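S.K.: Pasting a predicted model and its sequence here:
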Amino acid sequence: MAVKTADTSPPLTIRHTRHVSLSDRMGTIGRYALLFLLAVTFLVPFYWMITSAMKDDSQVYVVPPVWIPNPAYVGNFISAWQVQNFNLYAFNTVFKYAIPATIGTVLSSALVAYSFARMNWPGRDFCFAVCLATMMIPFQVRLVPLFIIFKELGWINTYLPLVVPAFFANAFFIFMLRQFFRTIPMELSEAAKIDGANEITILLRVILPLAKPALTVVALFAFMDAWNDYLGPLIYINNEPEWTLALAIQRMGRAMAEVGAKSNAYPYLMAVSTIVTMPILLIFFFAQRAFIEGISLSGLKG
Amino acid sequence: MAAVATIRRRPQLSRAQRREFFFGVLFASPWLIGFFLWTVFPILSSLYFSFTRYDLLQPPVFIGLTNYTNLATDNDFFLVVWNTLWWVVLSSPLGVGSAFLMAVLLNTRIFARSAFRAIFFFPSIVPIIVVSSVWAFVLNIQFGAINATLRAFELPTIPFLSSPDVVKPTLLMIHMWMQGGAMVIFLATLQDVPRELYEAATIDGGGSWARFWNITLPMCSPVILFNMVMAFIGGFQNFALPWLLTQGGPNRATEFFALFLYRNAFQYLRMGKASALAWVLFIVIVIFTVTLFRSSARWVYYRSE
């Protein structure tokens, strides 16, 4: 099955006549009106986030709302970051969680996907089917026992419950990589085998170099999953020095609702939210195509 | 098939085949081991815990089906079941529907298509903590973007998050805003529909509505089914957004199944009851999914390859 792209095939509108009728023109206008309306609606929360990040309290607690803060307090982005120890939380999120989990996910998923895609062994297809089926199991069924297991192991308040399972491959990424590996001609593997290469050499020297785009997508997805994760840290990480960004922002939001909230509570919350969204925006901006292809792929088994 | 399977079952595997099997399993072992460690074993222990009373401090005490039978008289349980069914039944079709609508809009000859696509897609990859923080502010009853605007025009404010009657539709609205993933899957499907079909329909005099109804919709129905199944499974597990945005309130209007389960496990330390709840959820999801697949024979069109 080839990787299908969202961009290559031409748009479907058929220009069946040269003359554009009035109703067609109305349809076009209506379509653009709907698109622009939707796009503006979709963007309002982000616009509000970024502009509110640069307000002070006098521009927050006011009617009518301030849409263009003047003066704009750009320094809020720095002050907000210093309200709590966000450097530490960012360090935790990236170096204790996202990077190790990404490495584990990519390595293990590539290995398993290679076995499912390019090695013949009895029971392989059954295992692959089971692997896909596990995606449908609600996480709650495993939640309590996993917590108990990790508690027995003394792993609570460490990143081990979030990182170690990543080294045991992820069903969705196995599926993605398998689909990609299957598009690489078998002749390449056979030629390498004739030259005396074993499976590990073929994987490392032939398949992985050719699969760099797919591996990049998996790495980006895995990194984002960790960066965006809220539930995992919520369950396993309780003490403040080990917090991730998500937990710290949650604390910031809750503190705001309490009596005697600090000044600039909303602008600072919005500033930190903006900063935390930036890496996602950058990844998306530079890898938009790879991204959308990766997600489209997940629907093709439907 | 069966015959082939039995022949394979008693194999005189050659050396090369045995080698192949060994390396195949070896390469797949991260998943195989992980499957037993992080899936099979937890699921079975969860079933065991569901028959016990367990608070993490004392060892589990076997109490049979008590956790399950207690649910029958638990009003809290019926409240969260009602909330959750409400959510699943409405959020799945509305979420899938809005994703489909966006994809259909984007799949036409329009200016700046990839910009629109990026805008519709982006909310689905923003961290959920940011989503909830920003919407909490936008929807704030006094100074949020919407209500402050309404107040400026001396219009009544909308209690998005503070009225039990309004809060569920509010969550639906945010849910529909986050459908980028399903939208992209639909978009790829729409671009896969053979153009000849549309051309033939046009020659036969089919208008744009007829083309949509008789070509687009049937051709997309397998993916609609896929997205509906995913939406059902996700809907039953809905946790992060209501937990962060409303903490289940106001007046427990957004206390969904997953929140109730989380509270029982980690706030009240009722691991047994939480496990029983998890198994109820699991079984309900399986029933829903199987029913959906069964019904699909009537409304899903599979083109033969």
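M.R.: Good, I have the coordinates.
S.K.: Can you give me every residue that contacts the residue nearest the centre of chain A?
M.R.: What sits nearest the mean C-alpha location of chain A, by C-alpha atoms, centre = their mean, is A:M224, with 3.4 Å. Neighbouring residues of A:M224 by C-beta atoms under 8 Å, 6 or more residues apart in numbering or on different chains: A:280, A:283, B:125. All C-beta spots, glycine's among them, are computed from the backbone N, C-alpha and C.
S.K.: count of neighbours near the last one?
M.R.: Neighbour count of B:I125, defined by other C-beta atoms under 10 Å in any protein chain shown: 21.
S.K.: Setting aside sequence neighbours, what's the nearest residue to it?
M.R.: Leaving aside its sequence neighbours, B:I125 sits nearest to A:I280 (C-beta to C-beta, 6 or more residues apart in numbering or on different chains; 5.7 Å).
S.K.: From the chain's centre, how far out is the helix or strand hosting A:K193? Work that out for me.
M.R.: A:K193 belongs to helix A:186-194 when elements are defined using DSSP states H and E. Computed by C-alpha atoms, centre = their mean, to the nearest Å, the chain-centroid distance of helix A:186-194 equals 35 Å.
S.K.: next SSE after that helix?
M.R.: helix A:199-201.
S.K.: and that next one, does that touch chain B?
M.R.: Yes. Helix A:199-201 is in contact with chain B by C-beta under 8 Å from any C-beta of the partner chain, via A:E199.
S.K.: what pLDDT, on average, does that helix get?
M.R.: Helix A:199-201 carries an average pLDDT of 88.
S.K.: for stretch A:135-150, same thing?
M.R.: In this model, stretch A:135-150 carries a mean pLDDT of 91.
S.K.: With stretch B:33-44 instead?
M.R.: Average pLDDT, stretch B:33-44: 94.
S.K.: Could you pull out the helices in the stretch 1-150 of chain B for me?
M.R.: Applying DSSP state H, counting those that start in this stretch to the stretch 1-150 of chain B gives helices spanning B:2-9, B:15-34, B:41-49, B:66-71, B:75-106, B:113-121, B:128-138, B:145-152.
S.K.: Identify, out of those helices, the most deeply packed stretch.
M.R.: The highest mean neighbour count among the helices of the stretch 1-150 of chain B, using mean count of other C-beta atoms under 10 Å in any protein chain shown, belongs to helix B:128-138: a mean of 23.
S.K.: Run through who's touching that one.
M.R.: Helix B:128-138 is contacted from outside by A:44-46, A:48-49, A:52, A:228, A:230, A:245-246, A:249-250, A:253, A:266, A:269-270, A:273, A:276-277, B:123, B:144-146, B:161, B:174, B:178, B:240-241, B:244-245, using C-beta under 8 Å, 6+ apart.
S.K.: how far away is the residue in the stretch 101-250 of chain A that chain B sits nearest to from A:G104?
M.R.: Closest residue of the stretch 101-250 of chain A to chain B, C-beta to the nearest C-beta: A:F168 (2.6 Å). A:F168 is 8 Å from A:G104, where distance means C-beta to C-beta, to the nearest Å.
S.K.: Distance from the chain centre to the lowest-mean-pLDDT helix or strand in chain A, please.
M.R.: One helix or strand of chain A scores below all others by mean pLDDT, DSSP states H and E: helix A:288-299, with a mean of 73. Distance of helix A:288-299 from the chain centroid (C-alpha atoms, centre = their mean) equals 12 Å.
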